[in-house]
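Student: Take a look and give me a structure for this.
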Amino acid sequence: MPAPRRIASAVAAVCAAGMAVTGCGTSSGDRSEESRSPEAFRVCTNSPYAPFEFERDGQTVGFDMSLGHEIARDMGRTLTVVQADFHTLESGAALNEDRCDAAISGMTITDQRRQVVDFSQPYFNDQIALLTTRNSGITGFDSVGKNTVGVQHATSGEQYARDKKLRVRRFEDVGRMFSALEDGQVKAVSGNISTLSRQAKDRPELRLVQTVDTNENLGIAVKKGNTEILDAVNRTLDRVRTDGTVDSLKEEWMGL
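Tutor: Residues are numbered from 1 along each chain as shown. Predicted structure coming up:
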């Protein structure tokens with residue numbers, strides 16, 4: 001059973017002294033008041049976590065934020081992003097305290113989390129993938145042998161590699177992990193397809209040799225019993241899946 005993604009951020013919950021609010025596409029004024037405007041669709045997230053949410057030119061962008069904009073538009077509202085500690089999202093605290101209308105933050109749907117929040121239908125299946133160099137001779141997890149595999153600390157990619165009894169080297173961020181692969185410090189890296197696919201597309205010397213469906217489905221969380229927001233979210237997810245928008249977003253943010 002893969003570990004829920006972003007598990008490490010929960011450790012930092014006690015360090016959260018407040019909420020930093022970032023308005024996407026907003027101009028001036030009290031951002032806290034602005035976030036509670038009836039014209040706003042308030043989304044809690046925890047960034048950086050590329051390609052789902054990260055900062056660029058003073059705004060929070062990414063796959064999740066683009067979905068948030070689609071939902072807000074269908075509701076006739078404007079997206080407002082509220083930065084929150086990830087623990088307050090998976091525990092439902094941010095939603096229960098009315099900090100936001102929904103939490104969109106690369107959150108895996110789990111039975112434990114379902115006890116405290118209501119989830120939308122899944123919007124992304126973040127399979128585990130193995131990335132290696134073209135001349136490594138590695139064709140999948142079972143052919144890694146005694147070679148060392150790079151993993152990001154406290155992620156599903158690490159858990160899967162350990163479950164396969166592979167020799168792993170842990171990194172705190174993906175940038176260092178990819179550099180280690182490039183320098184030959186590790187022969188392959190194990191991680192989610194959302195993280196590895198762009199590297200494979202942008203760097204011709206690398207290739208994805210295997211993907212594994214571990215049923216790691218991502219969902220948008222709303223407060224328990226908030227059927228109004230949940231129905232609106234699911235309507236948009238149905239639309240973007242049908243009209244091809246979600247495929248365009250996967251290409252834009254992940255190279256899939």
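Student: Show me the helices in the stretch 101-250 of the chain, by range?
Tutor: 111-114, 156-163, 174-183, 193-202, 227-242, 245-254 (DSSP state H, counting those that start in this stretch).
Student: Just say which of these is most tucked in.
Tutor: Ranked by average neighbour count under the criterion mean count of other CB atoms under 10 Å, the helices of the stretch 101-250 of the chain are headed by helix 156-163 at a mean of 22. The C-beta positions use only the backbone N, C-alpha and C, and glycine is treated the same way.
Student: Run the chain-centre distance for that helix.
Tutor: 17 Å (CA atoms, centre = their mean, to the nearest Å).
Student: which ones are touching K187?
Tutor: T132, T133, S136, I138, V144, N147, T148, V149, L181 (CB atoms under 8 Å, 6 or more residues apart in numbering).
Student: out of those residues, which is most surrounded?
Tutor: For those, the largest number of neighbours (other CB atoms under 10 Å) sits with V149, at 28 neighbours.
Student: now the strands for the stretch 1-150 of the chain?
Tutor: Counting by DSSP state E, counting those that start in this stretch, one finds strands in the stretch 1-150 of the chain at the ranges 21-22, 40-45, 54-56, 59-61, 78-83, 102-103, 117-119, 124-125, 128-133, 148-152.
Student: what are the pairing partners of the last one, and which direction each?
Tutor: Yep, that's strand 148-152 we're talking about. Looking at strand 148-152 with DSSP bridges, its partner strands are strand 167-171 (parallel), strand 188-192 (parallel).
Student: among the ones you listed, which is the most enclosed?
Tutor: By mean count of other CB under 10 Å, the strands paired with strand 148-152 have strand 188-192 as the most buried, with a mean of 28.
Student: what's the angle between that strand and strand 128-133?
Tutor: 150 degrees (axes from the mean of the first three to the mean of the last three CA atoms, to 10 degrees).
Student: Please state the offset of strand 188-192 from the chain centre?
Tutor: Taking mean C-alpha positions (CA atoms, centre = their mean), strand 188-192 and its chain are 15 Å apart.
Student: tell me the mean pLDDT over that strand?
Tutor: Strand 188-192 shows a mean pLDDT of 97.
Student: residue contacts, the closest residue to T139 other than its chain neighbours?
Tutor: Excluding the flanking residues, the one nearest T139 by CB to CB, 6 or more residues apart in numbering is V209, at 5.4 Å. For V209, the contact set (CB under 8 Å, 6+ apart) comprises L130, L131, T132, I138, T139, G140, A188.
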